[in-house]
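A.B. asks: next come a sequence and a model predicted from it.
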Amino acid sequence: MNNQAVMRTALRVGLLAGAVCIAWTVLLYATGQSPFGPKRLMTIFVAPVAAVVAQWQVRKHHREQASLGRQLLVGLLAVGLTAALSAVGVYSVARTGGEPLMRQNLAEATQIVRASRKQFSEKELSQAAYEANLRSLPVAAGTAQGVANEDFQKKLIAGLLIILPGAIFLRR
């Protein structure tokens, strides 16, 4: 068994997990749901699961090569590929939906931020933080790049949090 077989395992799992994320986003768009709303967040957990599955597959099929460093690399590759493919899918749906979809998403995000204004004052968060949040919405929620970037960051962070424990637990 060589290093290529181990990396192919990470690529296979990352591609499959990325395809699941893309399929979910496209399904939401095709059924008339908001592909950028709360239902899209259900795919946040796909990246950490992909990392653990890739690390588990390496341990199962290439046990002699399942060192801590290699398991970290496998997890990082699977999570990175999952997050990148998911972001490409979100970007593609945003571009396909066009301006009306992005305006709808911006309106929903603005409504959510305005509804949380009371929480900003209750939790000792300043008016400046609330206003900064409102100012960032046109870029973060109103553009295809913004929603794709948000999707990429959330999946990458969620996946990175599980890579080290998975690598430690699933090393040889």
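C.D. replies: Received it, and whenever you're ready, just let me know what you need.

A.B. asks: which SSE is Gln145 in?
C.D. replies: helix 144-169 (DSSP states H and E).

A.B. asks: which secondary structure elements does that helix sit against?
C.D. replies: Using 3 or more CB pairs under 8 Å, 6 or more residues apart in numbering; DSSP states H and E as the contact criterion, the secondary-structure elements in contact with helix 144-169 are helix 46-61, helix 68-115, helix 127-140. The C-beta positions use only the backbone N, C-alpha and C, and glycine is treated the same way.

A.B. asks: buried deepest among those helices, which one?
C.D. replies: For the helices and strands packed on helix 144-169, the stretch with the most neighbours on average is helix 46-61, a mean of 23; neighbours defined as mean count of other CB atoms under 10 Å.

A.B. asks: who touches Leu161 in this structure?
C.D. replies: By CB atoms under 8 Å, 6 or more residues apart in numbering, the residues touching Leu161 are Pro48.

A.B. asks: distance of it from Val90?
C.D. replies: With distances defined as CB to CB, to the nearest Å, the gap from Leu161 to Val90 amounts to 21 Å.

A.B. asks: re earlier: now the helix holding Gln145: average pLDDT?
C.D. replies: The average pLDDT for helix 144-169 rounds to 90.

A.B. asks: got it, and stretch 31-50?
C.D. replies: Predicted confidence along stretch 31-50 averages 89 (mean pLDDT).

A.B. asks: regarding that stretch, how distant is the last residue from the first?
C.D. replies: End-to-end distance of stretch 31-50: 26 Å, with CA to CA, to the nearest Å as the criterion.

A.B. asks: and that stretch, what's buried?
C.D. replies: Judged by neighbour count using 16 or more other CB atoms under 10 Å, the buried positions of stretch 31-50 are Pro35, Phe36, Arg40, Thr43, Ile44, Val46, Ala47, Pro48, Val49, Ala50.

A.B. asks: could you check how far the helix holding Gln145 is from the centre of its chain?
C.D. replies: If you compare the mean C-alpha spot of helix 144-169 with that of the full chain, they lie 6 Å apart, counting by CA atoms, centre = their mean, to the nearest Å.

A.B. asks: quick check: angle from that helix to helix 68-115?
C.D. replies: Angle of helix 144-169 versus helix 68-115, following axes from the mean of the first three to the mean of the last three CA atoms, to 10 degrees, is 140 degrees.

A.B. asks: any idea how far the closest residue to Ile168 other than its chain neighbours is from Arg171?
C.D. replies: On the basis of CB to CB, 6 or more residues apart in numbering, the spatially nearest residue to Ile168 that is not a chain neighbour turns out to be Leu68, at 6.7 Å. When distance is defined by CB to CB, Leu68 is 5 Å away from Arg171.
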